[in-house]
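Novice: A structural model of the following input is requested.
(4 chains)
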Protein chains: 4
Amino acid sequence: MGAGAASPATLELAHTLGRLVAEAGWVVLTGGRPAGVMDAACAGAKMVSGSLTVGILPSGPEGPVSPQVDLAIFTGIGEARNAVNVLSSDVVVACGVEGPGTASEVALALRLGRPIVLLAPSPSASAFFREIAGGTTLHQASTAEAAIELMEHRLCIRRWPG
Amino acid sequence: MGAGAASPATLELAHTLGRLVAEAGWVVLTGGRPAGVMDAACAGAKMVSGSLTVGILPSGPEGPVSPQVDLAIFTGIGEARNAVNVLSSDVVVACGVEGPGTASEVALALRLGRPIVLLAPSPSASAFFREIAGGTTLHQASTAEAAIELMEHRLCIRRWPG
Amino acid sequence: MGAGAASPATLELAHTLGRLVAEAGWVVLTGGRPAGVMDAACAGAKMVSGSLTVGILPSGPEGPVSPQVDLAIFTGIGEARNAVNVLSSDVVVACGVEGPGTASEVALALRLGRPIVLLAPSPSASAFFREIAGGTTLHQASTAEAAIELMEHRLCIRRWPG
Amino acid sequence: MGAGAASPATLELAHTLGRLVAEAGWVVLTGGRPAGVMDAACAGAKMVSGSLTVGILPSGPEGPVSPQVDLAIFTGIGEARNAVNVLSSDVVVACGVEGPGTASEVALALRLGRPIVLLAPSPSASAFFREIAGGTTLHQASTAEAAIELMEHRLCIRRWPG
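Specialist: Numbering: from 1, shown residues only, chains lettered A, B, ... in the order given. The predicted structure is shown next:
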């Protein structure tokens, strides 16, 4: 997960993360729009042969979709689809928390008890989410490689298909 | 799309349809629960090597999923997810219209202007949906093979990935 | 519930029904758009002093709302909001079943086990919904007065606020 | 909006806010559960004769509802209903930001461009939301009275019914 309007450094991070997730044999699931972290992470994944990218879109089929998305799910429920992204992910990786959409997804993941990795968050994002996390573990990583390591060995995410 | 509780004839029809859809190179998208037409169509598809089955579930990840589903999307929005099924399908095939869930999906497909094939509907289902269809074309088929023929040559559904 | 594009006879029926529902001390809840049965039922209710009309809209606050709606709930979830209409109603009255949106609501009400009154349905609507109703009772009335009688004495709907 | 599990100070603040909102002639809309800020704000409002409290619930009608809610909207869409709360409010007042549900609502309000007042936020909540607000104005108040003043004179919220 990540902002539609993201900094160049975050986009590069998202591209690397998408590639490494695909290399690990996992599905990349994003918000599916042709913008920002969503697009960059899917583009990274599509450099890997046999990868699968899924986009959970706010619009119906008339809306824009990233060309890097293999399978588009058109929810038609607008921003309420952020809850679908969170529930459908084995782990939510917030690639930067630069926009309110991503912030809502991290908050929903905490609320719904889903595993979370904050990747390169700002100090204030890190401080705020730690404050509201309650008993939930909030993983944090500063590089894409460290995030993969966490998911593989700490969270034990399985390859797809199982 | 089809009932969670379906007749043996409808289940056999769903199994054949799922297999033929996968052989045509299309993704099988269902409601994903381990029951009825959803389960049978996915099981048919999984007889074909390289097939992909997607389930759009009403529950979160704690809910039951058909073991025939490759990719589970957990919406957590209950029956409101029927609109997601319809919007995410290139064509909605109602495999029998034996239950109210399927009836709601056919009605939503008409409302949202999505292509529909009624497969082996009862006379009263056929009469009712024709009555409310307005200008929308309502395709009808009596066998799985005829439904495939319609989708391939009349509706020109493309293989996946595009 | 009823069609956005309805016949003059259905609109008159909706207006009478809205007025009688308000006179009975109940809240009128509709899809809230400035069209068809939704608008007519709310206009009928607003002839009664102290009435309350609620609209559950598919859009966000930028979308159109009937001026007869006192309280607008903007869901932003499109046609998926039909499930919200059904779950939030003590009884679903389908005022004619002339359009696919209304058909989806009757089907969802059956699926979700909510009380239903079909008001002046066509013969084919009546036949179809009876066929798929399973064990659920499907009430039917030919006039607004008879629908009120059913809700008051058979379904025992309570005045609002309770 | 506010946490289901909130501190005594926040609950007292919510009660005062609910009462003052009702006295100003506005509707109190909350998440409707019988817990925390939702319950306290509605209880405050119900001390005022002629007040109206609306609850937008995650569950269907089988789920728990605060007895202080006059009108319950049962969405059945789980946490995705947070977007409905935000879209249906003329202004979102976050009464403390002590839990992830409230954090998701503030983030969605920013994303959807809805007016927001942070009431007595922690320093880290205030810092984080200012960081991600982009061009959106983020109002802040330290007392319920100051929040009312902001809504009345700066945001010019109209009495209900209009």
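Novice: which element follows the particular helix or strand that has A:A72 in it toward the C-terminus?
Specialist: According to DSSP states H and E, A:A72 maps onto strand A:71-74. Per DSSP H and E, the first helix or strand lying C-terminal to strand A:71-74 is helix A:82-88.
Novice: give me the mean pLDDT for that following helix.
Specialist: Taken as a whole, helix A:82-88 has an average pLDDT of 98.
Novice: go on, stretch A:133-145?
Specialist: 93.
Novice: measure that stretch end to end?
Specialist: The straight-line separation of the ends of stretch A:133-145 (C-alpha to C-alpha, to the nearest Å) is 24 Å.
Novice: buried residues of stretch A:105-113, list them for me.
Specialist: Buried residues in stretch A:105-113, defined by neighbour count with 16 or more other C-beta atoms under 10 Å in any protein chain shown: A:105-112. C-betas here are computed from N, CA, C, even on glycine.
Novice: contacting residues for A:C42?
Specialist: A:18, A:28, A:30, A:53, A:55, A:66, A:68-69 (C-beta atoms under 8 Å, 6 or more residues apart in numbering or on different chains).
Novice: now render those residues as TSV, adding neighbour count, secondary structure and pLDDT.
Specialist: Formatted as TSV, the contacts of A:C42 follow (neighbours: other C-beta atoms under 10 Å in any protein chain shown; DSSP: H, G, I helix; E, B strand; the rest coil; pLDDT from 0 to 100):
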residue	neighbour count	secondary structure	pLDDT
A:G18	29	helix	98
A:V28	28	strand	98
A:T30	28	strand	98
A:T53	26	strand	98
A:G55	24	strand	98
A:S66	23	coil	98
A:Q68	23	coil	98
A:V69	27	coil	98
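Novice: can you add distance to chain D and give these back as a markdown table?
Specialist: Supplementary listing: the contacts of A:C42 in a markdown table, determined by distance: C-beta to the nearest C-beta, whole Å:
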| residue | distance to chain D |
| --- | --- |
| A:G18 | 23 |
| A:V28 | 22 |
| A:T30 | 16 |
| A:T53 | 23 |
| A:G55 | 18 |
| A:S66 | 19 |
| A:Q68 | 23 |
| A:V69 | 21 |
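Novice: so A:R19 touches A:T53, yeah?
Specialist: No: at 11.4 Å, A:R19 and A:T53 do not qualify as touching, with contact defined as C-beta atoms under 8 Å.
Novice: between those two, which contacts overlap?
Specialist: Residues within reach of A:R19 and of A:T53 at once, by C-beta under 8 Å, 6+ apart, are A:A45.
Novice: sorry, back to before: of all the buried residues of stretch A:105-113, which comes closest to D:A94?
Specialist: A:A107 (11.7 Å; C-beta to C-beta).
Novice: flag every residue of chain A that's near chain D.
Specialist: Contacts of chain A with chain D, taken as C-beta under 8 Å from any C-beta of the partner chain, map to A:77-84, A:97-101, A:103-104, A:107-108, A:110-112, A:122, A:124-125, A:127-128, A:131-134.
Novice: also near chain C: which of those residues, exactly?
Specialist: A:77-80.
Novice: which among those end up buried?
Specialist: Here, 16+ other C-beta under 10 Å leaves A:77-80 buried among those.
Novice: number of nearby residues for A:P64?
Specialist: 11 (other C-beta atoms under 10 Å in any protein chain shown).
Novice: give me the pLDDT for the residue lying farthest from the centre of chain A.
Specialist: Distance from the C-alpha centroid of chain A peaks at A:E62, with 23.5 Å (C-alpha atoms, centre = their mean). The score at A:E62 is 97. That number is its pLDDT.
Novice: near chain C, which residues of chain A are found?
Specialist: So chain A meets chain C at A:60, A:75-80 (C-beta under 8 Å from any C-beta).
Novice: if we use 10 Å, what do you get?
Specialist: Residues of chain A lying close to chain C (C-beta under 10 Å from any C-beta of the partner chain) are A:58-60, A:75-81.
Novice: host element of A:I56?
Specialist: Counting by DSSP H and E, A:I56 is part of strand A:53-57.
Novice: partners of that strand, with directions?
Specialist: strand A:28-30 (parallel), strand A:71-74 (parallel) (DSSP bridges).
Novice: of the ones you listed, flag the one that's most buried.
Specialist: Ranked by mean neighbour count, the strands paired with strand A:53-57 are led by strand A:28-30 with a mean of 28 (mean count of other C-beta atoms under 10 Å in any protein chain shown).
Novice: assign A:A103 to helix, strand or coil.
Specialist: helix (DSSP: H, G, I helix; E, B strand; the rest coil).
Novice: what is the burial count for it?
Specialist: Counted with other C-beta under 10 Å, residues neighbouring A:A103 total 29.
Novice: check which helix or strand A:D39 maps to.
Specialist: A:D39 belongs to helix A:36-45, assigned by DSSP H and E.
Novice: that helix versus strand A:53-57: what angle between them?
Specialist: Calculated by axes from the mean of the first three to the mean of the last three C-alpha atoms, to 10 degrees, helix A:36-45 forms an angle of 160 degrees with strand A:53-57.
Novice: starting at the chain centroid, how far to helix A:36-45?
Specialist: Chain-centre distance of helix A:36-45: 10 Å, with C-alpha atoms, centre = their mean, to the nearest Å.
Novice: I figured A:V48 was touching A:V21, is that so?
Specialist: Yes: counting by C-beta atoms under 10 Å, A:V21 is a contact partner of A:V48 at 8.8 Å.
Novice: who has more neighbours, the two?
Specialist: For A:V48 and A:V21, the more surrounded residue by other C-beta under 10 Å is A:V21, and the numbers stand at 26 against 17.
Novice: what's the nearest residue to the more buried one if we skip its chain neighbours?
Specialist: A:V28 (5.2 Å; C-beta to C-beta, 6 or more residues apart in numbering or on different chains).
Novice: next: A:V93.
Specialist: Excluding the flanking residues, the one nearest A:V93 by C-beta to C-beta, 6+ apart is A:V117, at 4.6 Å.
Novice: doesn't that neighbour belong to a strand?
Specialist: Yes: A:V117: assigned to a strand according to three-state DSSP.
Novice: residue contacts, it?
Specialist: Residues near A:V117 by C-beta atoms under 10 Å, 6 or more residues apart in numbering or on different chains: A:17, A:91-95, A:106, A:109, A:138-141, A:146-148, A:150-151, A:154-155.
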